[in-house]
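Visitor: from the sequence below, what's the structure:
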Amino acid sequence: MSERGMQELALLLLTALANAPRHGYAIAQEVRAITDGRVVPRTGALYGALDRLLDEGLITVEREEVVSGRARRTFALTAVGRERLAAEADRLAATAREVRRRLAAGGAAAPA
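Guide: As a prediction, this is how the structure comes out:
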């Protein structure tokens with residue numbers, strides 16, 4: 001696993017799949033809900049990120065079907081994806097704790 005943090009969209013997509021498999025449109029809606037509308041993934045970015053997560057083995061295609069003449073894939077989090085998401089949550093929580101610690105320390109502004 002990389003020491004570098006996960007990109008926000010990847011984190012949000014994995015989070016959207018953490019409690020249930022979903023198809024692309026439902027994932028986009030879940031991301032919107034998770035972020036209170038702050039992030040609304042565009043179709044190209046959404047499917048590009050899903051393809052990368054598939055390539056990394058973090059998600060899998062659980063089901064493929066045709067709905068109204070269009071292909072629909074339902075994605076699910078893999079065990080590796082769940083572990084990676086948990087590790088990323090821990091990393092972000094540690095960073096947030098350090099931010100709060102430094103803010104609480106207050107004091108004079110650091111020299112420029």
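Visitor: which secondary structure element contains residue 83?
Guide: According to DSSP states H and E, residue 83 maps onto helix 79-105.
Visitor: which strand residues bridge the nearest residue to residue 61 once chain neighbours are set aside?
Guide: Computed as C-beta to C-beta, 6 or more residues apart in numbering, the closest residue to residue 61 that is not its neighbour in sequence is residue 73, at 4.9 Å. Where C-beta positions appear, they are placed from N, C-alpha and C, glycine not excepted. Applying DSSP bridges to residue 73 gives these bridge partners: residue 64.
Visitor: let me see the mean pLDDT of stretch 27-44.
Guide: For stretch 27-44, mean pLDDT rounds to 95.
Visitor: swap in stretch 91-100?
Guide: Predicted confidence along stretch 91-100 averages 95 (mean pLDDT).
Visitor: picking that back up, in the helix holding residue 83, what's buried?
Guide: Across helix 79-105, burial judged by 16 or more other C-beta atoms under 10 Å covers 81, 84, 85, 88.
Visitor: and the residue nearest to residue 74 when sequence neighbours are not counted, how many neighbours?
Guide: Leaving aside its sequence neighbours, residue 74 sits nearest to residue 63 (C-beta to C-beta, 6+ apart; 4.2 Å). As a burial measure, residue 63 scores 11 neighbours (other C-beta atoms under 10 Å).
Visitor: contacting residues for residue 63?
Guide: Residue 63 is in contact with 21, 73, 74, counting by C-beta atoms under 8 Å, 6 or more residues apart in numbering.
Visitor: and which of those is nearest to residue 99?
Guide: Minimum distance to residue 99 across those is 33.7 Å, recorded for residue 21 (C-beta to C-beta).
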